[in-house]
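Chemist: Quick one: sequence plus predicted model below, questions after.
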Amino acid sequence: MIITIDGPAAAGKGTLANNLSQKYNYAYFDTGMVYRAVGLEMHLLGKDLADENAALEIAQNLTFEHMHELAKNPDFRSALGGKNASIVSAYPKVRAALLKMQQDFALNPVFADGRPAQGVIYDGRDTGTVVCPHADVKFFITASPEVRAERRYKEFLQKGIAADYNEVLADVKARDERDANRATAPMKPAEDAIIFDTSTLNIQEVTIKACEVIDEKQKH
Ligand code: C5P
């Protein structure tokens with residue numbers, strides 16, 4: 001079974017994906033990682049983020065293993081890492097170069113330790129629309145920019161990273177704007193996606209509802 005979870009930053013996609021991955025024993029692909037990897041590699045090589053060809057070359061040579069190596073760098077998950085990922089993800093050729101790697105994961109889904117999985121959960125912005133348009137179950141998780149900025153802000157403080165709420169809010173809004181308005185694969189719910197708003201539902205409630213949908217699907 002293939003499950004996709006799309007939506008804006010800090011809406012709760014990762015938490016829902018982890019909950020579902022544990023409950024159903026499915027492998028999990030956080031597709032934001034491919035763009036974070038390209039953005040970080042650009043940064044490490046001192047490339048200008050406006051250099052689309054440099055980003056394309058990095059994307060074409062990116063392997064799953066190298067992506068996981070890059071993920072160990074503290075800047076992979078930092079605010080800078082998110083911003084760089086968002087910039088390179090707007091380049092259509094970069095998206096095209098990274099598509100197969102994401103799609104191939106569903107052909108042979110494995111856990112981090114190499115064990116094979118019975119199914120796969122994707123999270124990102126376009127996994128239900130572009131990466132896996134034929135997914136069995138699609139969710140779109142959203143929340144107001146203020147609620148999401150508050151969550152990110154608290155996460156930064158918990159990790160000991162200095163942050164300013166207004167800057168985090170401005171960054172959330174800028175990323176939403178870039179993700180929703182880019183020409184290729186803009187962030188939007190798939191027509192057959194089930195939409196949850198985590199400004200009004202907590203993540204446990206969303207998980208329960210998502211499990212009901214998946215269990216119903218599995219019966220058929
Ligand atoms: O989800 P995460 O914050 O790690 O994603 C980093 C950036 O990668 C996002 O801001 C978005 O611009 C981009 N992204 C994307 N398509 C995806 C996943 C992430 O464009 N499927």
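Modeler: Nice, thanks for sending it over.
Chemist: Within range of the ligand, give me the residues from this structure.
Modeler: With the criterion set to Cβ under 6 Å from any ligand atom, the chain comes near the ligand through 9, 31-32, 35-36, 82, 85-86, 89, 124-127, 175, 179. C-betas here are computed from N, CA, C, even on glycine.
Chemist: can you rerun that using 8 Å?
Modeler: Listed as neighbours of the ligand in the chain under the rule Cβ under 8 Å from any ligand atom: 6, 9-10, 13-14, 30-36, 39, 77, 81-82, 85-86, 89-90, 95, 102, 122-127, 130-131, 175, 178-179, 182, 185, 187.
Chemist: Which members of those are positioned in helices?
Modeler: Using DSSP state H, the members of these that fall in helices are 13-14, 32-36, 39, 81-82, 85-86, 95, 102, 175, 178-179.
Chemist: Just the buried ones from the residues of the chain next to the ligand?
Modeler: 6, 9-10, 13-14, 30-36, 39, 77, 81-82, 85-86, 89-90, 95, 102, 122-127, 130-131, 175, 178-179, 182, 185, 187 (16 or more other Cβ atoms under 10 Å).
Chemist: Buried ones in the host helix or strand of Gln218, by neighbour count?
Modeler: In the assignment (DSSP states H and E), Gln218 maps to helix 203-219. Residues of helix 203-219 classed as buried: Ile203, Val206, Thr207, Ala210, Ile214 (neighbour count, 16+ other Cβ under 10 Å).
Chemist: which ones are touching Ser78?
Modeler: Residues near Ser78 by Cβ atoms under 8 Å, 6 or more residues apart in numbering: Ile161.
Chemist: Kindly give the local confidence score, pLDDT, for it.
Modeler: pLDDT, Ser78: 86.
Chemist: do Ser89 as well
Modeler: Residue-level confidence at Ser89 comes out at 95, pLDDT.
Chemist: list the contacts for it?
Modeler: Counting by Cβ under 8 Å, 6+ apart, Ser89 has contacts Tyr35, Arg95, Arg125, Arg178, Asp179, Arg182.
Chemist: 10 Å instead?
Modeler: Neighbouring residues of Ser89 by Cβ atoms under 10 Å, 6 or more residues apart in numbering: 31-32, 34-36, 38-39, 55, 59, 95, 98, 124-126, 175, 178-179, 182, 184-185, 187.
Chemist: for Val34, same thing?
Modeler: When contacts are counted by Cβ under 10 Å, 6+ apart, Val34 is found next to 59, 62, 64, 67, 85, 88-89, 94-95, 97-99, 101-102, 124.
Chemist: just to revisit the earlier point, and the helix holding Gln218, what's its mean pLDDT?
Modeler: If you average the pLDDT over helix 203-219, you get 96.
Chemist: Run through who's touching it.
Modeler: 1, 3, 5, 11-12, 15-20, 23-24, 26, 119, 121, 136-139, 141, 194, 196-198, 201.
Chemist: Report the buried members of those.
Modeler: 3, 5, 11-12, 15-17, 19-20, 24, 26, 119, 121, 137-139, 141, 196-198, 201.
Chemist: Next step: the residues you listed restricted to helices.
Modeler: Residues of the buried ones among the contacts of helix 203-219 located in helices (DSSP H): Thr15, Leu16, Ala17, Asn19, Leu20, Tyr24.
Chemist: In a markdown table, list those along with distance to Pro145 and pLDDT.
Modeler: Shown next, in a markdown table, are those (distance: Cβ to Cβ, whole Å; pLDDT from 0 to 100):
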| residue | distance to Pro145 | pLDDT |
| --- | --- | --- |
| Thr15 | 18 | 95 |
| Leu16 | 19 | 97 |
| Ala17 | 21 | 97 |
| Asn19 | 24 | 97 |
| Leu20 | 25 | 98 |
| Tyr24 | 31 | 96 |
